[in-house]
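In: coords please:
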Amino acid sequence: MARSWLLHELLQELQRAEPIILAMLNVMTDEQKALVFQQLQAANIVDDAMTRHHERREMIKRAMGAPMAAPTR
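Out: Below you'll find the model as predicted:
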């Protein structure tokens, strides 16, 4: 039961993060986005995708029971 609750909470957190990240990106300048991307790369958090939008969307879909898309890499 606790694991099910935790998975539900993780899914909700991913869903909440989505509009927050997109809203922030909409108000950032290209220079600000580049600086954030450099910092995330330096910390080994991202490689080629700053927001991991596609990866996050796939995880949300999987968690909700939708089939996963074929890998693009």
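
In: Show me what the lengthiest helix in the chain is packed up against.
Out: As assigned by DSSP state H, the longest helix anywhere in the chain is helix 2-27. Where contact means 3 or more CB pairs under 8 Å, 6 or more residues apart in numbering; DSSP states H and E, helix 2-27 is packed against helix 53-63. All C-beta spots, glycine's among them, are computed from the backbone N, C-alpha and C.

In: and the helix it packs on, which residues are buried?
Out: For helix 53-63, burial by neighbour count (16 or more other CB atoms under 10 Å) applies to 56, 60.

In: now for it, which elements pack on it?
Out: Packing contacts for helix 53-63, counted by 3+ CB pairs under 8 Å, 6+ apart, involve helix 2-27.

In: any idea of the mean pLDDT for the helix it packs on?
Out: Here helix 2-27 scores 91 as its mean pLDDT.

In: and the angle for it with helix 53-63?
Out: If you take axes from the mean of the first three to the mean of the last three CA atoms, to 10 degrees, helix 2-27 sits at 150 degrees to helix 53-63.
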